[in-house]
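Student: Provide a 3D model corresponding to the input given below.
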Amino acid sequence: MLRGRVYCGCGSRAVIQKTNRLSTNVADLYCHCQNCGHRFVMALAYSHTLSPSARTTDELTIALIRSLTPDRRLALQSQLSLF
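Tutor: Next up, the predicted model:
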């Protein structure tokens with residue numbers, strides 16, 4: 001859950017009513033200012049890394065493989081058997 005604050009152009013806090021995740025690192029936030037009634041969409045995007053992940057290469061690899069569809073896993077397994 002996103003715990004940041006979004007502010008309207010009038011300076012008041014806005015409420016995030018909906019999040020449309022476009023990818024792992026990008027989302028559109030649909031916002032509503034309860035002070036002035038302004039409704040707007042704000043883009044939220046990953047910018048850059050401040051420190052690298054503490055996860056090992058093996059952990060990251062397993063997480064990526066688990067995110068694949070069963071068909072893609074089988075194709076990957078076939079490709080890896082060539083080595």
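
Student: so where's this protein shaky on pLDDT?
Tutor: 1-3 (pLDDT under 70).

Student: residue contacts, His32?
Tutor: Contact partners of His32, counting by Cβ atoms under 8 Å, 6 or more residues apart in numbering, are 14-15, 17, 38-39. C-betas here are computed from N, CA, C, even on glycine.

Student: quick one: it is in a strand?
Tutor: Yes - counting by DSSP: H, G, I helix; E, B strand; the rest coil, His32 is part of a strand.

Student: roughly how far does it sit from Gln79?
Tutor: 48 Å (Cβ to Cβ, to the nearest Å).

Student: what about Val41, helix or strand, and which?
Tutor: Secondary structure from DSSP states H and E places Val41 in strand 39-45.

Student: elements contacting that strand?
Tutor: If you count contacts as 3 or more Cβ pairs under 8 Å, 6 or more residues apart in numbering; DSSP states H and E, strand 39-45 packs onto strand 26-33.
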